[in-house]
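Colleague: next one to model:
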Amino acid sequence: MNPKRIVHLIKKQSYKRKRCIIYYMQQSQRVQFNHAFSHAIDLANAANLPLVVFFNLVTDYPNANLRHYKFMLEGLTEVQKDLQKRKIEFIIKIGNPIDNIRFFYDQAEAIVIDIGYTSVQRRWRKDLYFDIIAKTDDVDLFSVESDVIIPVRQASDKAEYGAYTLRPKYNRNIDDFLDTPSIDSVINPIILSYESDIDVLEPDSILSSLNIDKSVAHSPIFHGGYTEAKARLKHFIDHSLARYPQSNDPSLDLTSKLSPYLHFGQISPLEIYLQVINSQAPTDSKSAFIEQLTVRRELAINYVFFTPDYDVFESMTEPWAYNTMNEHASDQREHLYSIEDYILFNTHDTYFNAAMKQMVTTGYMHNYMRMYWAKKIIEWSLTYKQAYETISFLNDKYFLDGRDPSSYAGIAWCFGKHDRPWTERPVFGKLRYMNAKGLERKFNISDYVDQVEKLGAITE
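Modeller: Got it, this is the predicted structure:
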């Protein structure tokens, strides 16, 4: 493992023999290709101590609902089964993560945490860091990055203006981080019988008992877990990767559909990278997909990491974009729609309605239609701020990969971030414009509408 993935955040100042090593799993919800898990095993074996994997479930996670919790629990069920086979204890607690993990300060020789980039995830890790400093001096704390290929600060030390500024830095470093983690056995596989709040081997029973938002049904076509992610990856490589340069066409259905699994850390981007790069697909196809997986995805993470208020309208994009929006704030809007209109597929735009139906029904929307969808909401909203808040609300509520750096960066892109000024026009000003005629000119877009309608009939 490249040591630059690991940061020794707190070095213990006093020593006494402890009972275990703790891996606080939060972002990287998997066993395979998990550098943080691998490092925790190494520490456990070096100290001849058992390893305990701790996961904290928060029932009031911002904007999460039954759709998200079911997908996540399906993945955690697989994690628990895998850890049981390895004789590694898996503890799940419900509530405040700092309150729940505090018990282990007196139990653990060291705590290993994985890394997440949203403000909620970073606050949890910051609170843990300062709580340990305040409460004890005999616990080592390590952070290990495993849900990006290049650790964010190794890729760049600042917010990048666009893919073209990150790409050369990324390409210079990527070979140093193709480091497959070894997942060894634990030498001392003692089960310490710590008590979990729930048993994820019964996810449906857990869902019915949790006090969560249940207003959105689970996805009928996406199921969580590493096995599902691997199956989708194999299907993508076998059937779609060779044609990936055509993947912008919504009617061809050539995307990988791996974003929900990446969002929940159920599959590693490094594993995806290695599988794709070693496939028999044409070089241009592999390069096109790798660009999305690496430079584009990690540009989004760079954006969230270096932009404190990445999810606030007033601070999420570039000065030129705010200037052009201010200049066109009073432009006449031909159509105005409410959130209810969108959810009920009640606009004049057949293509937009189909995209919304795909989103509401499945938790997924084709990538190109996702851009078109957001651009139409900008066009049909009374103000740009209202448009931003509507897009963010629907994104977080219905998408399985909502509440994610790629989502936040994608929304900001629709308002000019990581983009450039375009020809000026009403309402959009110099923001990039998209319209139905463009869809008709580029794609057989009616096929996409037909596919969504058939999907709706199957899932109703």
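
Colleague: how much space between Ser338 and Thr390?
Modeller: If you measure Ser338 against Thr390 using C-beta to C-beta, to the nearest Å, the figure is 9 Å. Where C-beta positions appear, they are placed from N, C-alpha and C, glycine not excepted.

Colleague: who has more neighbours out of the two?
Modeller: Per other C-beta atoms under 10 Å, whichever of Ser338 and Thr390 has more neighbours is Thr390, with 19 against 12.

Colleague: the helix or strand containing that one - contacts with which helices or strands?
Modeller: Following DSSP states H and E, one finds Thr390 within helix 384-398. Judged by 3 or more C-beta pairs under 8 Å, 6 or more residues apart in numbering; DSSP states H and E, the packing partners of helix 384-398 are helix 339-343, helix 350-362, helix 367-379, helix 405-414.

Colleague: these: which one's closest to Phe306?
Modeller: Closest of these to Phe306 is helix 405-414, at 11.1 Å (criterion: C-beta to C-beta).

Colleague: C-terminal to the closest one, what's the next element?
Modeller: Assigned by DSSP H and E, the successor of helix 405-414 is helix 436-442.

Colleague: where's that next one relative to the chain centroid, distance-wise?
Modeller: Taking C-alpha atoms, centre = their mean, to the nearest Å, one finds helix 436-442 lying 30 Å from the centre of the chain it belongs to.

Colleague: low-confidence bits of this structure, can you list those?
Modeller: Within the chain, the segments meeting pLDDT under 70 span 456-460.

Colleague: per-domain residue ranges of it.
Modeller: Under automatic domain parsing, the residue ranges defining each domain of the chain are 3-147, 148-182+226-306, 313-459.

Colleague: is it possible to export these to CSV including distance to Asn211?
Modeller: CSV is the format used below for the domains of the chain (distance: least, C-beta to C-beta, whole Å):
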stretch, distance to Asn211
domain 3-147, 6
domain 148-182+226-306, 21
domain 313-459, 18
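
Colleague: Ser219: which of the ones you listed is closest?
Modeller: Per C-beta to C-beta, nearest to Ser219 of the domains of the chain: domain 313-459, 4.2 Å.

Colleague: same for the longest helix along the chain, what does it pack against?
Modeller: Assignment by DSSP state H gives helix 66-85 as the longest helix of the chain. Applying 3+ C-beta pairs under 8 Å, 6+ apart, one finds that helix 66-85 makes contact with strand 51-57, strand 89-94, helix 203-209, helix 226-239.

Colleague: got the buried residues for it?
Modeller: By neighbour count on 16 or more other C-beta atoms under 10 Å, the buried set for helix 66-85 is 66-80, 82-83.

Colleague: tell me the centre residue of this structure?
Modeller: His263 (2.4 Å; C-alpha atoms, centre = their mean).

Colleague: how about that residue, nearest residue that isn't a chain neighbour?
Modeller: Nearest residue to His263, sequence neighbours excluded (C-beta to C-beta, 6 or more residues apart in numbering): Asp401, at 4.1 Å.

Colleague: which residues sit in contact with the one you found?
Modeller: By C-beta atoms under 8 Å, 6 or more residues apart in numbering, the contact list for Asp401 reads Ser259, Pro260, Leu262, His263, Ser407.

Colleague: in a helix, that's where the third one is, yeah?
Modeller: Going back to what we said before, that points to Leu262. Yes - counting by DSSP: H, G, I helix; E, B strand; the rest coil, one finds Leu262 located in a helix.

Colleague: my read: it touches Pro269, true?
Modeller: Yes - proximity of Leu262 to Pro269 meets the contact threshold set by C-beta atoms under 8 Å, at 6.3 Å.

Colleague: before we move on, back to that, please report how far the residue nearest to His263 lies from Ala242.
Modeller: Separation of Asp401 from Ala242 (C-beta to C-beta) stands at 25 Å.

Colleague: try Tyr433
Modeller: 32 Å.

Colleague: Three-state assignment for the residue nearest to Phe142 when sequence neighbours are not counted, please.
Modeller: Once flanking residues are discounted, Phe142 sits nearest to Val112: 4.8 Å by C-beta to C-beta, 6+ apart. Counting by three-state DSSP, the backbone at Val112 sits in strand.

Colleague: next structured bit after the helix or strand hosting Leu274?
Modeller: Element membership for Leu274, per DSSP H and E: helix 269-277. Where DSSP H and E defines the elements, the next helix or strand beyond helix 269-277 is helix 283-291.

Colleague: now do the buried residues in whichever helix or strand comes after that next one.
Modeller: Reading on from helix 283-291 to the C-terminus, the next helix or strand found by DSSP H and E is helix 297-306. By 16+ other C-beta under 10 Å, the buried positions in helix 297-306 come out as Arg297, Glu298, Leu299, Ala300, Ile301, Asn302, Tyr303, Val304, Phe305.

Colleague: so how far is Arg123 from the last one?
Modeller: With distances defined as C-beta to C-beta, the gap from Phe305 to Arg123 amounts to 14 Å.
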